[in-house]
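Q: Whatever this is, show me its structure:
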Amino acid sequence: MVIRPHRQEDMPVLLEIWLQASLHAYDELPAALWWPHQEAMRDRFMAGSEIWVLEQAGQIKGFAALQADELLALYVHPEYQGSGLGAALLYQLKSCHPYLWLRICTRNSDIITFYRHHGFTSCGEQKDPQTGLQELLMECPSKPASLAMALG
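A: I've put the predicted structure just below:
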C-alpha cells in the first residue's frame, strides 16, 4: 500500500471513487442526483486542497482532501470499504495534521461511527447551506476553544 500526494492525472479516478462511494452511502437517493455534481467536486477538491491518494497494487482505491485543518473528503471505493484503507488514510492525515475537523451529514451514521472510532468528537451541528441537510461538526483532537464556538 502506498499513500502519496495526488497528481493531476489522478482526478478522473478520484471523481469516480467519490461518485461510487456517494451512491453507496446514500443508496436511497437517485443516482442522477450525483452525476451533475462531479465537476463541482473536482473544483472543490482542486481549490487549494491537499489531496492524498491511496494505491494498492498500482490501483487507486481511495483518497482524502484537506483544506488547512478541515477534512473535506475521505473516500474509499465501495469494493474496498471495511478493509482498513480508510483508517490508513486517516492515520496519514493525522500524522501531518495534529488537529482536524470535518462536517458530515447526520444521516450517515456509519461514517460518524468510523470517525468516532478514530478519535473524533462532536462539537456542534449546522445546516448545510447548499443541501439543507443537517450536518454534524466533528474534531480530533479537541482544541481548547471549540470549533463550534469559532464557527458560531
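
Q: tell me the SS of residue 93?
A: helix (DSSP: H, G, I helix; E, B strand; the rest coil).

Q: And it, how far from residue 59?
A: 21 Å (Cβ to Cβ, to the nearest Å). Any C-beta I mention is one placed from the backbone N, CA and C, and that applies to glycine too.

Q: Which strands and helices lie in contact with the lengthiest strand in the chain?
A: Secondary structure of the chain per DSSP state E: the longest strand is strand 59-67. Judged by 3 or more Cβ pairs under 8 Å, 6 or more residues apart in numbering; DSSP states H and E, strand 59-67 is in contact with helix 11-25, strand 50-56, strand 70-76, helix 85-96.

Q: I would like the residues contacting the third one, please.
A: Translated: strand 70-76. Identification of contacts with strand 70-76 by Cβ atoms under 8 Å, 6 or more residues apart in numbering yields 14, 17-18, 21-22, 44-45, 49, 54, 61-66, 85-86, 89-90, 93, 100-103.

Q: Mind doing that once more with 6 Å?
A: Contact partners of strand 70-76, identified using Cβ atoms under 6 Å, 6 or more residues apart in numbering, comprise 17-18, 21, 62, 64-65, 85-86, 89, 100-102.

Q: Show me which of those is closest to residue 116.
A: Comparing these against residue 116 with Cβ to Cβ places residue 102 closest, at 11.8 Å.

Q: Output the helix or strand hosting that closest one in PDB, but only the C-alpha positions, please.
A: Assigned by DSSP states H and E, residue 102 belongs to strand 100-105. Extracted in PDB, the C-alpha atoms of strand 100-105 (Å, rounded to 0.1, in the frame of the first residue of the first chain):
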ATOM      1  CA  LEU A 100      -8.600  18.000  12.100                       C
ATOM      2  CA  TRP A 101     -12.200  18.900  11.800                       C
ATOM      3  CA  LEU A 102     -15.000  17.900   9.400                       C
ATOM      4  CA  ARG A 103     -18.600  18.300   8.600                       C
ATOM      5  CA  ILE A 104     -20.700  15.200   8.000                       C
ATOM      6  CA  CYS A 105     -24.300  14.600   7.100                       C
END
